[in-house]
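Engineer: The following comprises the amino acid sequence and a computationally predicted model.
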Amino acid sequence: MKKILPIVLIFIIISSNSAFKHFNVFNSKASSKEAEKSNEITVAAAADLVFAFNDIGKLYEKETGNKVKLIFSSSGTAREQIENGAPYDVYASANIKFVDDLISKGKIISDTKQLYAVGRIGIATKIDSPLKVNDVKDLLKEDFKKIAIANPDHAPYGTASKEALQSLGLWEDLKDKMVYCKDIQDVLAMTKSGNVEAGFISLSVYKKDEMNFMLIDDKLHKPLKQAMAVVKGTKNESISRDFIKFVNGKEGREIMKRYGFVLPGDI
């Protein structure tokens, strides 16, 4: 009997360890599935969307219970990040071409691509500045020593601003005054601080109590067609698709229009 007891104890210990390992594996799988079912999505959004998407994101969270993390930058910067594997769920670009580029590289779920807005650009000066722009040619005046522009190499609004100046035959005369910024928000900050006398910003970030602003004729540059889509590899495809649908839905479109965007159906 004394010899049997240790054998029984050994058997119980082995069985317990096996069950414990099985329980850990089960828990690990459950945790993995739980992570996949996260209700938070990360949206890489163009810098011109800061105010509009903050409003849309809050409303979407309130109505659905899902969470939206917004990361704003120039569309070109976000495109490069996604191409290099950045774990975004949704890409909202200020240039539809950037979305198409990522589709061709297999980084975007192609059937999720949707046009959501067309942007407008203008010239801003500090609210208390004696300098105001009533005509683009005013920028040629000596008083305008520095002019901020989003870098045309990766920022769609910067590209459009340069195109407008080229259409008017002013780019060569003004290019030495240009201060290149990473995105529209950077331009806005430089202009509001007084570090530059004027800046090219989007209508969507203009606030009349903070800036003087002159809208530029949109015939002077290519249309700023803005598109968004779901990033391939997301673990939250369903919520990502739903967010895009919300942006282009009644409530989302009302917010976009409030910030000066031209809506897809109005093009």
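Structural biologist: Received the coordinates, thanks. Residues are numbered from 1 along each chain as shown.

Engineer: give me the element the spatially most central residue of the chain is part of.
Structural biologist: In the chain, the residue lying closest to the centroid (Cα atoms, centre = their mean) is residue 45, at 0.6 Å. Assessed by DSSP states H and E, residue 45 sits inside strand 40-46.

Engineer: as a whole number, average confidence for whatever helix or strand comes next after that strand?
Structural biologist: Using DSSP H and E, the helix or strand that directly follows strand 40-46 along the chain is helix 50-64. The average pLDDT within helix 50-64 is 97.

Engineer: so the residue nearest to the centre of the chain bridges to which residues?
Structural biologist: residue 72, residue 92 (DSSP bridges).

Engineer: quick one: contacts for it?
Structural biologist: 53, 70-72, 78, 92 (Cβ atoms under 8 Å, 6 or more residues apart in numbering). For glycine as for every other residue, the C-beta is placed from the backbone atoms N, C-alpha and C.

Engineer: ditto for residue 80
Structural biologist: Per Cβ under 8 Å, 6+ apart, neighbours of residue 80: residue 154.

Engineer: Name the SS class of it, please.
Structural biologist: helix (DSSP: H, G, I helix; E, B strand; the rest coil).

Engineer: how far away is it from residue 134?
Structural biologist: As judged by Cβ to Cβ, to the nearest Å, residue 80 and residue 134 stand 38 Å apart.

Engineer: How about residue 252?
Structural biologist: 34 Å.

Engineer: So for these two, which residue has more residues nearby?
Structural biologist: Between residue 252 and residue 134, residue 252 has the larger neighbour count (other Cβ atoms under 10 Å), namely 22 against 9.

Engineer: next one: phi and psi at the more buried one?
Structural biologist: Backbone dihedrals for residue 252, given as degrees, to the nearest 10, come out at phi -60, psi -40.

Engineer: I'd guessed it sits against residue 243; true?
Structural biologist: No. Applying Cβ atoms under 8 Å as the test, residue 252 and residue 243 come out as separate, 9.1 Å apart.

Engineer: what's the overlap in contacts for those two?
Structural biologist: With Cβ under 8 Å, 6+ apart as the test, residue 252 and residue 243 both reach residue 60.

Engineer: looking at this, residue 143 is in a strand?
Structural biologist: No. Residue 143 is assigned coil when assessed by three-state DSSP, not a strand.

Engineer: all numbers from here: first residue = 470
Structural biologist: Done: numbering now begins at 470, and the last item shifts to residue 612.

Engineer: From the structure, what's the count of residues near it?
Structural biologist: Neighbours of residue 612 using other Cβ under 10 Å come to 11.

Engineer: where do the strands sit along this structure?
Structural biologist: 509-515, 536-542, 559-562, 583-588, 590-595, 616-619, 647-650, 667-671, 680-684, 693-699 (DSSP state E).

Engineer: Next one: the closest residue to residue 606 other than its chain neighbours relative to residue 517, how far apart?
Structural biologist: Spatial nearest neighbour of residue 606, chain neighbours left out: residue 639 (6.9 Å); criterion: Cβ to Cβ, 6 or more residues apart in numbering. Residue 639 sits 23 Å away from residue 517 when distances are taken as Cβ to Cβ.

Engineer: ok, these two, which is more surrounded?
Structural biologist: Neighbour count, other Cβ under 10 Å: between residue 639 and residue 517, residue 517 has more, with 35 against 15.

Engineer: domain assignment for this protein?
Structural biologist: Domains of the chain are assigned by automatic domain parsing as 509-587+694-735, 590-684.

Engineer: from the chain's centre, how far out does the first one sit?
Structural biologist: Relative to its parent chain, domain 509-587+694-735 has a centroid offset of 6 Å by Cα atoms, centre = their mean, to the nearest Å.

Engineer: How about stretch 623-636?
Structural biologist: Centre-to-centre, stretch 623-636 and its host chain are 19 Å apart (Cα atoms, centre = their mean).

Engineer: Pull that stretch out as PDB, backbone CA atoms only.
Structural biologist: C-alpha atoms of stretch 623-636 as PDB (Å, rounded to 0.1, in the frame of the first residue of the first chain):
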ATOM      1  CA  HIS A 623       4.100  64.800 -50.000                       C
ATOM      2  CA  ALA A 624       1.200  67.100 -49.000                       C
ATOM      3  CA  PRO A 625      -1.700  67.300 -51.500                       C
ATOM      4  CA  TYR A 626      -2.700  70.800 -50.400                       C
ATOM      5  CA  GLY A 627       0.800  71.900 -50.900                       C
ATOM      6  CA  THR A 628       0.700  70.500 -54.400                       C
ATOM      7  CA  ALA A 629      -2.500  72.300 -55.200                       C
ATOM      8  CA  SER A 630      -1.100  75.600 -53.800                       C
ATOM      9  CA  LYS A 631       1.900  75.300 -56.000                       C
ATOM     10  CA  GLU A 632      -0.300  74.400 -59.100                       C
ATOM     11  CA  ALA A 633      -2.400  77.500 -58.400                       C
ATOM     12  CA  LEU A 634       0.600  79.800 -58.300                       C
ATOM     13  CA  GLN A 635       2.000  78.200 -61.500                       C
ATOM     14  CA  SER A 636      -1.300  78.700 -63.200                       C
END
